[in-house]
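Engineer: this is a predicted model, with the sequence first.
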Amino acid sequence: MADLFNHEALPEYFKMSREYLSEYTCSSTSGNQDLGLKSLKNLYQLQKKIDFTRDDYKMWVFPVYSNNHWTTCYVDFKNTEIGYIDRLNELSNSSGPIDCIEKAWTVGLASFLQKMFEDHDNNAYKFTEWDMKIIGRSDFSSQEQQNDSNNCGIISIMQSFMLGRYGKLDKFGDYGGHNEFREARKQLGGYLFKRCSNKTDLLRAVNS
């Protein structure tokens, strides 16, 4: 697996999407079917950060947090596609809060973005006409699925960096003797350590 966390190798569009979008999450702790869609209201904060008049965006990535679980949403401007990825849950036949989040980060997000761009007189993007791609557990091999309760965070980070750097997902997983989830944790630790201004505090936080 290549060094995903080499900051200097990241294209400009992903540094933009990480800076603007990585902190926005969708939280749901009940079976309310509308909760995920309502949570998109938080994204109105983006109005002050994103230039909605631009017509040359390439890729946005949203790490999504819901029900104590990290997943990934992406907006692919090049291929006119909005996708939601969850390696733990089977999405195609799901119901309850998972189904709610799935809808929020595809159809709901498309409607939100459509309104935001139209409010700024930019009709370059027709988000509601884009392909909506739901990628669930069965879309991955058994080695690439999440099979525990603690790898969702690093998986979401890996997916975000891959989508930002390459515009697609490369294969990665736990291949017995070669566990790429564990390898990515080490890479991320090195990435953070090199860029941390107070390394003593970072080590203290890691060891606490």
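Structural biologist: Perfect, I can see it now. Residues are numbered from 1 along each chain as shown.
Engineer: burial measure for Glu81, as a count.
Structural biologist: Glu81 sits with 14 neighbouring residues when counted by other Cβ atoms under 10 Å. Glycine gets a C-beta too; all of them are placed from N, C-alpha and C.
Engineer: do the same with Asp56
Structural biologist: For Asp56, using other Cβ under 10 Å, the count is 7.
Engineer: need the pLDDT of it.
Structural biologist: pLDDT for Asp56: 85.
Engineer: for Lys168, helix, strand, or coil?
Structural biologist: coil (DSSP: H, G, I helix; E, B strand; the rest coil).
Engineer: element containing Val61?
Structural biologist: For Val61, the element it lies in under DSSP states H and E is strand 59-66.
Engineer: pLDDT (mean, whole number) over that strand?
Structural biologist: The pLDDT scores in strand 59-66 average 82.
Engineer: which elements pack onto it?
Structural biologist: helix 12-21, strand 69-76, helix 97-103, helix 152-166 (3 or more Cβ pairs under 8 Å, 6 or more residues apart in numbering; DSSP states H and E).
Engineer: now do the buried residues in whichever helix or strand comes after the second one.
Structural biologist: The one in question is strand 69-76. Using DSSP H and E, the helix or strand that follows strand 69-76 in sequence is strand 81-85. For strand 81-85, a neighbour-count test (16 or more other Cβ atoms under 10 Å) marks Ile82, Gly83, Tyr84, Ile85 as buried.
Engineer: ok, stretch 131-149 next?
Structural biologist: Met132, Ile134, Ile135, Gly136, Arg137, Asp139, Phe140, Glu144, Gln145, Gln146.
Engineer: before we move on, back to that, the strand holding Val61 vs helix 152-166, what angle?
Structural biologist: Here strand 59-66 runs at an angle of 170 degrees relative to helix 152-166 (axes from the mean of the first three to the mean of the last three Cα atoms, to 10 degrees).
Engineer: no further questions, thank you.
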